[in-house]
Structure formats: C-alpha cells, structure tokens
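Novice: this one's sequence-less:
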C-alpha cells in the first residue's frame, strides 16, 4: 500500500499581505527557509530596487513601459499601483507551478492584489500579517529611513485602510514576536496541506488498497 504521505495532491497558493512595515518580507523569507516544498512566487514591479534585493529573486524589476506592455498582453492575473509604483502577478508564475507542477507557492502582495485574486476566483488562501500596534508600525516605518515625513504619513494612512480589510482574509497573524509569527504561518501551511479538499487522491488510494485492510 502506498503511504499517505506519498500521495500526490494539488498545489496550494498562499497569499501573504500586510501593511508596509509589518515585516512581511522578513517573515516570508523565514517561512520559505523553514517549510519544505514551498517556493516564492515572484511578482513584477516598476519600483526601484532596494539595497540587498536581487532581480528575479525578490521581484522582477521592470520599467513602466515593459509593465504597460504586459498589461496590454494580458499577462497579469492582477496588478495594482501602490505608493506610485506598479506591482503585478503573472499567469505564468501561478498557473503553471500550482496547477501543472502541483507545487505550493507563497505570493507576497499588497491588499489590493489579494482582493483582486479573490474577486477573480483564483483558488488561494489569504493570510494577513498585522503589526503589534499602530505605534509600532509607525516606529518601524520611521526606522527604515529614506522617506519624507509626507511619504510616511501616506503609508500610515494607507496602512489603516489595509488593516480594515483584514476580515476579507482567511487567516490573521500578529507579528509581535517574529519567531512566533513564523511558527503560526508554518502551522497554516501544514493545516491547509492536510485538508481533504487538497488531497483528492487520498480516498482513491485507500479504496484501491481496501483488500489489505481486511
């Protein structure tokens, strides 16, 4: 009899969203390092590359002309303009890996993008990462540096609106303690993988082998 752990299942798309400063990039990187068979889906963006980022690893960094051409070609499942920059998720990154290769993906996008995926009926699990408090969020954003007071005010105002959309998500994790937050994210991945709806071959495998149970 084939062991239950070896039964093939469909891939799962996990979507992680959070307001700027909540720590979603750090949490996502730790989650990917901890959980086996989970890869990051890489989005396209028109924003400038930040120190420490790598093209094709953190994002596909493209200019606005290239991004607009991809919009016209229908390459994106969703795209949005956030803080003056555009971000998009391509069909290639999602459909081929989740549906064809049956591999789990983690997509780190903003609330607008997550909402667009749900509205388009994309099968995914939406996870919202919260900061411990508005005060801590403001502190983290200020600690980043490189932005004017006006830009920080815009980010904080946007964050309030994004947090109000939390009820649209399947899960919510508070990033007060990073280790705890990553552990909770890992638990979400495990729980989803064990759902019967994500293991369509399980019943068939046991039915074929029912003679061995007698």
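Specialist: Yes, it's here. None of these values were measured; they are calculated from a predicted model.
Novice: C-alpha from now on. contacts and neighbour counts both.
Specialist: Fine.
Novice: Need the contact partners of the longest helix along the chain.
Specialist: For the chain, the helix with the greatest residue count under DSSP state H is helix 178-194. By CA atoms under 8 Å, 6 or more residues apart in numbering, the surrounding residues in contact with helix 178-194 are 12, 14, 27-28, 30-31, 34-35, 173-175, 198-199.
Novice: in it, what's buried?
Specialist: Neighbour-count burial for helix 178-194 flags 181, 182, 183, 184, 185, 186, 188, 189, 193 (criterion: 16 or more other CA atoms under 10 Å).
Novice: State the distance from residue 169 to residue 129.
Specialist: 10 Å (CA to CA, to the nearest Å).
Novice: what does residue 34 give?
Specialist: Counting by CA to CA, the gap from residue 34 to residue 129 is 18 Å.
Novice: If you count surrounding residues, which of the two has more?
Specialist: residue 129 (22 against 13; other CA atoms under 10 Å).
Novice: coming back round to it: quick one: which of the contacts of helix 178-194 is nearest residue 21?
Specialist: residue 175 (10.4 Å; CA to CA).
Novice: Can you report how many residues lie near residue 80?
Specialist: Residue 80 has 18 nearby residues by other CA under 10 Å.
Novice: Give me the buried stretch members for the host helix or strand of it, please.
Specialist: In this structure, residue 80 sits in strand 76-82 according to DSSP states H and E. In terms of neighbour count (16+ other CA under 10 Å), strand 76-82 has its buried residues at 76, 77, 78, 79, 80.
Novice: Name the residues of stretch 115-134 that come out as buried.
Specialist: Neighbour counts over stretch 115-134 (16+ other CA under 10 Å) mark 117, 124, 125, 126, 127, 128, 129, 130, 131 as buried.
Novice: my read is residue 15 is in a helix, agree?
Specialist: No. With DSSP: H, G, I helix; E, B strand; the rest coil as the criterion, residue 15 is located in strand rather than a helix.
Novice: Thought residue 110 was touching it, still the case?
Specialist: No. Residue 15 lies out of contact with residue 110 (CA atoms under 8 Å); the separation is 9.3 Å.
Novice: which residues in the chain form strands?
Specialist: Assignment of strands within the chain using DSSP state E yields the ranges 13-17, 38-41, 44-45, 60-61, 76-82, 85-90, 104-108, 125-130, 171-174.
Novice: what packs against the fifth one?
Specialist: Looking back up the chat, that one is strand 76-82. strand 85-90, helix 111-119 (3 or more CA pairs under 8 Å, 6 or more residues apart in numbering; DSSP states H and E).
Novice: pretty sure residue 56 contacts residue 41?
Specialist: No. Judged on CA under 8 Å, residue 56 makes no contact with residue 41 at a distance of 10.1 Å.
Novice: the more surrounded of those two?
Specialist: Counting neighbours by other CA under 10 Å for residue 56 and for residue 41 shows that residue 41 has the greater number, 23 against 11.
Novice: Specify the beta-bridge partners of that one.
Specialist: Residue 41 has these beta-bridge partners by DSSP bridges: residue 107.
Novice: how much space is there between it and residue 151?
Specialist: 28 Å.
Novice: now residue 78
Specialist: Distance, residue 78 to residue 151, using CA to CA: 25 Å.
Novice: ok so, going back, more neighbours: which of residue 15 and residue 110?
Specialist: residue 15 (24 against 21).
Novice: tell me which helix or strand of this protein sits lowest on mean pLDDT?
Specialist: Least confident helix or strand of the chain, by mean pLDDT, DSSP states H and E, is helix 202-208 with a mean of 68.
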